[in-house]
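Participant: Provide a 3D model corresponding to the input given below.
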Amino acid sequence: MNHHTTTEQLAGTFVEYFEEREHRRIVGSTLLPPPGDPVLFTTSGMHPLTPYLEGRPHPLGRRLVNVQRCLRTTDLEEVGDATHLTVFEMLGTWSLGDYDGPRSLDWGYGLLTEGLGIDPGRLYATVEPTVEDNWWSNGPVGPCGPDSEIFLWSGDGPPESTPTRDDRWVEVWNHVTMTHRRLDDGSLVPLPQRNVDTGLGLERLASLLQGKPSVFECDVFDPWRSLVPALWPLDERSLRVVCDHLRSAVVVLGDGVRPANTGQGYVLRRLVRRMLTLLWRDDPSRSLGDLPDELVRHTLDHFRQDMDPGDVLPILCEEERRFRRLLERGRQVLARPRFRGPLTEEDFHYLHDTHGLPRELVTSLRQE
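Facilitator: As a prediction, this is how the structure comes out:
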């Protein structure tokens with residue numbers, strides 16, 4: 001394994017490999033989906049390409065490759081383990097009605113083994129004809145189809161068992177043959193063309209190639225790991241969540257979102273509040289104003305965002321002040337006699353609608 005491959009080099013190797021195989025690179029992909037899209041953020045590399053998977057010709061042709069930043073809130077509870085991040089980068093390839101799944105897997109195997117030097121004995125692929133096991137969809141409706149997942153062994157000794165029985169097998173690359181569209185009523189209709197859509201988690205693969213035990217130890221987190229613990233001593237899991245949520249908040253701000261009570265702005269607000277709740281658990285005097293500028297700059301540079309780093313911290317500090325005031329108000333309201341016993345659904349609605357106290361906040365205040 002090449003322990004010196006940086007995340008940047010890995011992305012470059014991936015794109016070049018597929019450009020040599022006549023794929024054209026799609027450039028410039030923010031977290032914000034195209035106008036009119038029902039989702040708040042881009043959750044996968046294929047998301048912006050849905051119209052082309054459904055048959056519209058793509059201006060760059062039928063073979064595409066890109067590096068897409070994604071944001072997933074469905075995995076928030078998992079963030080802090082070895083493999084989940086809120087904002088991450090997805091390396092993707094597409095065949096829009098051109099080649100089929102076997103060729104995609106063949107190229108994928110070539111890149112992993114010859115291009116990146118991974119021992120074939122450490123790879124495992126699943127190919128299941130059943131919908132329950134290997135069927136990928138981006139949501140309840142839209143393009144979907146059977147998939148094949150490539151796993152990489154992360155254990156110290158020789159590989160053992162299978163991915164379903166041993167979590168040292170880490171899923172790195174999913175190859176989906178997009179054959180159908182799922183309609184609102186749950187039925188499947190064939191797409192006008194057979195597509196292939198693949199997605200490889202960049203930080204996940206980088207951490208494995210760098211011989212690191214988690215995505216939080218790959219090189220993109222180096223500055224965070226060297227500066228944050230000295231500023232705020234935290235246990236390992238809390239450190240991971242704080243770094244992840246702060247870094248994600250910077251990226252979301254860099255893509256033009258501002259904190260709000262609904263939509264994209266509320267996702268940003270939740271990330272900041274979750275992170276502050278962890279920070280203040282051990283020491284309520286901690287403040288985001290102490291965050292080194294260089295972490296903000298490093299993150300904006302990595303994602304090639306043109307926001308001025310000096311504009312980020314004032315927004316985060318204003319959010320922090322708002323949250324402190326909300327917590328103080330929440331403690332006063334919850335001290336009232338009517339909220340002494342167990343809370344009913346009606347109580348939760350009242351606290352939210354009248355006092356602006358979200359359920360998760362009320363729950364954590366009750367546990368203080």
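
Participant: please make it C-alpha for all contacts and neighbour counts, starting now.
Facilitator: OK.

Participant: hey, where'd the strands end up in the stretch 151-300 of the chain?
Facilitator: Using DSSP state E, counting those that start in this stretch, the strands of the stretch 151-300 of the chain run over 169-182, 188-201.

Participant: number of nearby residues for G115?
Facilitator: When neighbours are defined as other Cα atoms under 10 Å, G115 has 14 of them.

Participant: any idea how far L200 is from it?
Facilitator: From G115 across to L200, the span is 15 Å (Cα to Cα, to the nearest Å).

Participant: burial count for G263?
Facilitator: G263: 13 surrounding residues under other Cα under 10 Å.

Participant: so what does the one helix or strand V15 maps to touch, helix or strand wise?
Facilitator: Element membership for V15 (DSSP states H and E) is helix 7-19. When contacts are defined as 3 or more Cα pairs under 8 Å, 6 or more residues apart in numbering; DSSP states H and E, helix 7-19 packs onto strand 63-71, strand 87-96, helix 202-209.

Participant: and L188, which of those is closest to it?
Facilitator: strand 87-96 (19.1 Å; Cα to Cα).

Participant: ok, whatever helix or strand comes next after the helix holding V15: who's next to it in the sheet?
Facilitator: Sequence order places strand 24-25 as the next helix or strand after helix 7-19, per DSSP H and E. When pairing is defined by DSSP bridges, strand 24-25 lines up against strand 63-71 (parallel).

Participant: next, the angle from the strand it pairs with to strand 87-96.
Facilitator: If you take axes from the mean of the first three to the mean of the last three Cα atoms, to 10 degrees, strand 63-71 sits at 160 degrees to strand 87-96.

Participant: out of the strands of the stretch 151-300 of the chain, which is the most enclosed?
Facilitator: Each of these was scored by mean neighbour count; the highest is strand 169-182, a mean of 23, by mean count of other Cα atoms under 10 Å.

Participant: pairing partners for that one, with directions?
Facilitator: For strand 169-182, pairing defined by DSSP bridges yields strand 142-153 (antiparallel), strand 188-201 (antiparallel).

Participant: got the contact list for stretch 340-355?
Facilitator: G330, L334, F339, L357, P358, R359, V362 (Cα atoms under 8 Å, 6 or more residues apart in numbering).

Participant: determine which two of those residues are furthest apart.
Facilitator: F339 and P358 (15.0 Å).

Participant: now render the strands of the stretch 151-300 of the chain as JSON lines, adding mean pLDDT and distance to E160.
Facilitator: Listed next are the strands of the stretch 151-300 of the chain as JSON lines, based on pLDDT from 0 to 100; distance: least, Cα to Cα, whole Å:
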{"stretch": "strand 169-182", "mean pLDDT": "88", "distance to E160": "9"}
{"stretch": "strand 188-201", "mean pLDDT": "90", "distance to E160": "23"}
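
Participant: what's the closest of those strands to E236?
Facilitator: Among the strands of the stretch 151-300 of the chain, strand 169-182 comes nearest to E236, with 20.6 Å by Cα to Cα.

Participant: and that closest one with helix 202-209, angle?
Facilitator: Using the same axes, to 10 degrees: strand 169-182 against helix 202-209 is 150 degrees.

Participant: how about residues contacting strand 169-182?
Facilitator: By Cα under 8 Å, 6+ apart, strand 169-182 touches 53, 100-101, 104-105, 135-136, 140-155, 162-163, 188-191, 193-201, 204-205.

Participant: ok, now stretch 291-306?
Facilitator: By Cα under 8 Å, 6+ apart, stretch 291-306 touches 223-224, 227-228, 247, 250-251, 254-255, 307, 309-310, 312-313.

Participant: quick check on the residues you listed: which are buried?
Facilitator: W224, V228, R247, V250, V251, G254, D255, M307, P309, V312, L313 (16 or more other Cα atoms under 10 Å).

Participant: residues contacting the second one?
Facilitator: Translated: V228. Contact analysis of V228 by Cα under 8 Å, 6+ apart lists L239, C243, L291.

Participant: will you turn these into CSV that also has pLDDT?
Facilitator: Conversion of those to CSV gives the following (pLDDT from 0 to 100):
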residue, pLDDT
L239, 95
C243, 96
L291, 94
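
Participant: now a ChimeraX select for only the buried ones of those residues.
Facilitator: A single ChimeraX command selects the buried members of these (16+ other Cα under 10 Å):
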select :239,243
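
Participant: nearest to P34 among the contacts of V228?
Facilitator: Taking Cα to Cα as the measure, P34 lies nearest C243 of the contacts of V228, at 28.2 Å.
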